[in-house]
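Peer 1: I need the structure of the sequence given here:
(one chain, ligands or ions: 3)
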Amino acid sequence: MEQQLPAGRRPRLVSSLGLGQRCCEVTLDQERGLLAWRHPRRGGENYFVPTSEIIAVEETELNKKQRNTGKWQKLAKPHAFTVYYVKKARNHRWWCRDVTFWCGDENLCNQWTQALKELLEMQKCRPKQLLVYINPYGGKRQGKKIYEQKVAPLFSLASISTDVVITEHANHAKDNLFEVNINKYDGVVCVGGDGMFSEVMHGLIGRMQKDSGIDQNNPKAPLVQCNIRIGIIPAGSTDCVCYSTVGISDPVTSALHIIVGDSQPLDVSSVHHNNTFLKYSVSLLGYGFYGDILKDSEKKRWMGPMRYDYSGFKTFLSHHYYEGTISFQPAKHTLGSPRDKDSCRTGCYICKESEQQLAEQQKKCGLKHEEDEEEWKVIKGKFLAINAVNMSCACPRSPKGLSPAAHLADGSADLILVRKCSRFDFLRHLVRNTNQDDQFDFSFVDVYRVKSFQFTSKLSEDNGSNVTDIGKKRFGQFCRDHPACCCNIADSTWNCDGETLDSSAIEVRVHCQLMKLFARGIEENCKDEAAYSHSSIEHLL
Ligand SMILES: CCCCCCCCCCCCC/C=C/[C@@H](O)[C@H](COP(=O)(O)O)NC(=O)CCCCCCCCCCCCCCC
Ligand SMILES: Nc1ncnc2c1ncn2[C@@H]1O[C@H](COP(=O)(O)OP(=O)(O)O)[C@@H](O)[C@H]1O
Ligand SMILES: [Ca+2]
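Peer 2: Ligands and ions are numbered 1, 2, ... in the order given. Here you go, the predicted structure:
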């Protein structure tokens with residue numbers, strides 16, 4: 001073994017170690033945190049693992065079979081260690097792979113495991129203690145099995161201790177988060193869909209505000225950021241938050257992002273009605289089409305994720321449109337626009353710049369004791385769908401999302417207005433949400449990047465809220481009697497991250513980076529990665 005030690009730097013280990021039945025040169029650059037080796041078989045393939053993506057290192061007992069083959073026989077007692085690491089595959093999927101190196105010298109083996117373990121100890125952002133909530137009824141009802149079979153073994157390999165709660169009813173996780181000793185944990189994990197994530201998020205953000213004495217009912221209150229990260233193990237029906245922040249909905253990939261301690265800030269919208277707090281939203285806040293789908297699909301929960309296709313088809317045929325007024329404040333602090341070709345990626349520049357701009361604006365307003373009275377735009381119309389998205393809302397059904405250029409952490413939401421049009425045109429718009437074509441390139445679709453908005457339906461404007469409720473019931477009956485009718489006699493419902501809101505008139509405000517996830521955003525899928533790893537290998541070996 002060779003130890004190269006430039007002055008004042010951590011040493012670099014270079015050893016010839018056994019791998020399988022052959023030898024290979026293994027390098028650990030402790031300064032840069034890189035482990036590299038060239039596989040003696042597989043055409044001499046180069047391996048290059050940043051220590052930030054090593055999951056665990058273990059001393060390994062070689063079993064009898066391994067000992068009795070090849071070179072093992074010549075060694076009295078071979079010493080070995082195994083490195084578990086992240087292997088990145090196609091489509092943003094991560095696997096946990098392992099490699100076992102051996103040598104005859106016990107000291108050398110110890111030196112390697114020691115050095116690797118020390119580097120792992122230095123990864124301060126990794127969680128050690130997690131609180132896990134499992135919704136056993138989400139999606140295809142596989143949450144518990146997915147956690148036990150795919151996730152728990154990885155957490156234990158990474159020496160993460162967990163307290164696991166299997167929820168017994170809706171709001172169990174949320175209520176529990178107000179009671180637990182939250183400071184004990186480095187993060188909260190939810191196993192389920194967007195609804196379950198929303199519940200955990202409400203628990204954590206609500207708890208934060210309560211502990212800081214902030215009144216959530218005040219729509220203008222400056223909310224306190226939540227620094228406890230949430231990890232999502234996808235086991236729901238849409239899993240849009242997971243897909244849009246990781247690039248795939250896969251439990252193993254998400255578990256690995258949690259283990260390596262990734263952190264992705266996320267914008268959160270607060271939704272109010274008449275100075276009463278209703279809900280927070282991170283993915284879709286949808287009125288009309290997506291609200292109607294959700295309302296109908298709740299009765300069909302037994303169908304599992306298929307319920308959305310069934311209710312989607314039904315809602316599409318009903319072709320209801322709704323009349324109302326939308327007012328919004330354009331997001332002037334951000335460099336991006338919803339029609340941009342580039343989308344939000346790991347380390348996004350637009351998110352960083354926008355956050356800074358917003359902070360400066362708020363500082364100025366604070367100094368002048370001014371309210372943010374930036375211009376409001378008002379749009380009246382008849383809409384098939386009003387969708388406000390804080391993120392792209394990419395999911396397996398819509399791989400690039402409802403707004404492909406939306407940003408995860410830029411303090412803005414994209415407001416998509418789909419006006420009354422023919423069924424055929426609406427279908428063309430819907431189909432473009434599922435393929436590469438531009439879903440905004442229609443005369444009846446408008447999209448704006450906003451930092452806040454309000455909506456009132458014509459019905460509630462005309463009647464006042466009490467009369468609306470009565471009207472809703474009466475006219476609801478009328479409409480069911482005439483299934484072919486597309487008129488707007490009744491209000492629709494808001495779909496807020498997969499849950500319905502009680503009010504159709506709402507005020508929404510985006511809170512820049514209010515919370516954090518164990519994720520890193522979607523990584524650029526480019527050749528650069530291969531080129532980088534190749535040049536680094538050449539440099540290292
Ligand atoms: C022709 C097909 C057109 C399909 C258009 C699909 C666009 C899908 C975009 C989905 C955006 C989802 C945003 C996230 C929502 C979630 O927060 C939320 C809760 O998730 P959870 O259950 O995991 O807790 N999920 C939802 O509200 C579900 C939205 C479901 C959308 C399914 C739409 C299917 C539409 C089928 C239309 C069929 C038309 C057929 C005409 C012949
Ligand atoms: N044990 C439980 N029984 C019934 N409902 C639950 C339970 N645990 C959580 N929920 C609720 O189920 C809703 C949907 O869960 P989710 O995991 O998002 O599944 P899906 O993606 O299929 O909708 C959530 O809003 C959550 O509040
Ligand atoms: Ca955003």
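Peer 1: could you pull out the strands for the stretch 1-150 of the chain?
Peer 2: 2-4, 12-19, 22-29, 34-38, 46-50, 54-60, 79-88, 94-103, 129-134 (DSSP state E, counting those that start in this stretch).
Peer 1: mean confidence score for the shortest one?
Peer 2: Okay, so that is strand 2-4. Across strand 2-4, the average pLDDT comes to 52.
Peer 1: before we move on, what about the second one?
Peer 2: Averaging pLDDT along strand 12-19 yields 93.
Peer 1: Between strand 34-38 and it, find me the angle.
Peer 2: Calculated by axes from the mean of the first three to the mean of the last three CA atoms, to 10 degrees, strand 12-19 forms an angle of 40 degrees with strand 34-38.
Peer 1: chain center to strand 12-19: distance?
Peer 2: On the basis of CA atoms, centre = their mean, to the nearest Å, strand 12-19 is displaced by 38 Å from the centre of the chain it belongs to.
Peer 1: Show me what it is packed against.
Peer 2: Packing partners of strand 12-19 (3 or more CB pairs under 8 Å, 6 or more residues apart in numbering; DSSP states H and E): strand 2-4, strand 22-29, strand 94-103, helix 106-121. From N, CA and C alone the C-beta is placed, and that goes for glycine too.
Peer 1: quick check: angle from it to strand 94-103?
Peer 2: If you take the same axes, to 10 degrees, strand 12-19 sits at 90 degrees to strand 94-103.
Peer 1: Buried ones in strand 12-19, by neighbour count?
Peer 2: 12-15, 17-19 (16 or more other CB atoms under 10 Å).
Peer 1: what residues does the stretch 101-250 of the chain put near ligand 2?
Peer 2: Proximity of the stretch 101-250 of the chain to ligand 2, by CB under 6 Å from any ligand atom, involves residues 135-139, 167-172, 192-196, 199, 236-238.
Peer 1: quick check, residue 191 in a helix?
Peer 2: No. Looking at residue 191 with DSSP: H, G, I helix; E, B strand; the rest coil, it is strand, so not inside a helix.
Peer 1: For residue 243, see how far away the closest residue to ligand 2 within the chain is.
Peer 2: Residue nearest to ligand 2 within the chain: residue 193 (2.2 Å; CB to the nearest ligand atom). To residue 243, residue 193 is 11 Å away according to CB to CB, to the nearest Å.
Peer 1: Identify the contacts common to these two.
Peer 2: Shared contacts of residue 193 and residue 243, defined by CB atoms under 8 Å, 6 or more residues apart in numbering, comprise residue 234.
Peer 1: Quick one, which of the residues of the stretch 101-250 of the chain next to ligand 2 are buried?
Peer 2: 135-139, 167, 172, 192-196, 199, 236-238.
Peer 1: and the helices and strands packed on strand 12-19, which one is worst for confidence?
Peer 2: Confidence, taken as mean pLDDT, is least for strand 2-4 of those (a mean of 52).
Peer 1: if I pick residue 44, what's in contact with it?
Peer 2: residue 38.
Peer 1: Show me what the closest residue to residue 37 other than its chain neighbours is bridged to.
Peer 2: Using CB to CB, 6 or more residues apart in numbering and skipping the chain neighbours, the partner closest in space to residue 37 is residue 26 (4.4 Å). Under DSSP bridges, the beta-bridge partners of residue 26 are residue 15, residue 37.
Peer 1: what residues are up against residue 26?
Peer 2: 13-17, 19, 35-37, 101, 112.
Peer 1: just the residues you listed now: which is nearest ligand 1?
Peer 2: Using CB to the nearest ligand atom, residue 35 comes nearest to ligand 1 of those, at 37.5 Å.
Peer 1: With residue 521 as the reference, measure out to the closest residue to the closest one other than its chain neighbours.
Peer 2: Distance criterion CB to CB, 6+ apart; nearest residue to residue 35, sequence neighbours excluded, is residue 49 at 4.7 Å. Look at residue 49 and residue 521: by CB to CB, they are 21 Å apart.
Peer 1: Compare those two (neighbour count), which wins?
Peer 2: residue 521 (25 against 20; other CB atoms under 10 Å).
Peer 1: what number of residues lie near the residue nearest to that one when sequence neighbours are not counted?
Peer 2: Closest residue in space to residue 521, ignoring its immediate chain neighbours: residue 346 at 4.4 Å, by CB to CB, 6+ apart. By other CB under 10 Å, the residues close to residue 346 number 13.
Peer 1: Also residue 162?
Peer 2: By other CB under 10 Å, the residues close to residue 162 number 17.
Peer 1: tell me the contacts of it?
Peer 2: Counting by CB under 8 Å, 6+ apart, residue 162 makes contact with 129-132, 152, 155, 189.
Peer 1: List the beta-bridge partners for it.
Peer 2: residue 130.
Peer 1: Please apply the same query to residue 326.
Peer 2: residue 379, residue 455.
Peer 1: Now do the same for it: its pLDDT.
Peer 2: pLDDT for residue 326: 98.
Peer 1: Quick one: distance of stretch 135-146 to the chain centre.
Peer 2: In terms of CA atoms, centre = their mean, the centre of stretch 135-146 is found 18 Å from the chain centre.
Peer 1: Run through who's touching it.
Peer 2: Residues outside stretch 135-146 that contact it (CB under 8 Å, 6+ apart): 134, 166-167, 173, 190-193, 195-196, 233, 235-237, 239, 251, 304-305.
Peer 1: For ligand 1, tell me whether that stretch is touching it.
Peer 2: No. Using CB under 6 Å from any ligand atom, stretch 135-146 stays clear of ligand 1, with a minimum separation of 6.8 Å.
Peer 1: Straight-line length of that stretch, end to end?
Peer 2: Using CA to CA, to the nearest Å, the end-to-end distance of stretch 135-146 comes to 11 Å.
Peer 1: same thing with stretch 157-164?
Peer 2: Stretch 157-164 has an end-to-end distance of 17 Å (CA to CA).
Peer 1: Only the buried residues of that stretch, if you could.
Peer 2: Across stretch 157-164, burial judged by 16+ other CB under 10 Å covers 158, 160, 162, 164.
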